[in-house]
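In: here's my sequence, what's the structure:
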Amino acid sequence: MLFWIVLGVVVVLAFAVLGVLVHGVLGAVGRLARELTAAEADVAPVRAGLQDSADRAARLRDARASAG
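Out: Take a look at the predicted model:
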């Protein structure tokens, strides 16, 4: 009888530990997704500026190649 009580307590504790671990992992995934979204928003203006600079450099290179 005592064996079954101990076994039940062990099973309940194991499920509790697994629940805490799953909760922590899912929370971390959610935080990571929010951080990535925020990082993309922070980098977007810089990326747009770099793209504009690259386009301008390509136009200047093409203009110089056709002129000379």
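In: tell me which strands and helices the helix or strand that contains Ala54 is in contact with?
Out: Assigned by DSSP states H and E, Ala54 falls within helix 2-67. Taking 3 or more C-beta pairs under 8 Å, 6 or more residues apart in numbering; DSSP states H and E as contact, there are no helices or strands that helix 2-67 lies on. All C-beta atoms are positioned from the backbone trio N, CA, C, and that covers glycine.
In: now Val17: how far from Ala28?
Out: 17 Å (C-beta to C-beta, to the nearest Å).
In: could you export stretch 54-68 as CSV, CA atoms only?
Out: Taking C-alpha atoms only, stretch 54-68 is exported to CSV below (Å, rounded to 0.1, in the frame of the first residue of the first chain):
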residue,chain,number,x,y,z
ALA,A,54,23.9,50.1,-53.0
ASP,A,55,21.3,51.1,-55.6
ARG,A,56,22.9,54.5,-56.0
ALA,A,57,26.4,53.0,-56.2
ALA,A,58,25.2,50.6,-59.0
ARG,A,59,23.6,53.6,-60.9
LEU,A,60,26.8,55.6,-60.6
ARG,A,61,28.9,52.6,-61.7
ASP,A,62,26.6,52.0,-64.7
ALA,A,63,26.7,55.7,-65.6
ARG,A,64,30.5,55.8,-65.5
ALA,A,65,30.8,52.6,-67.5
SER,A,66,28.6,53.9,-70.2
ALA,A,67,30.3,57.4,-70.3
GLY,A,68,33.8,56.1,-70.4
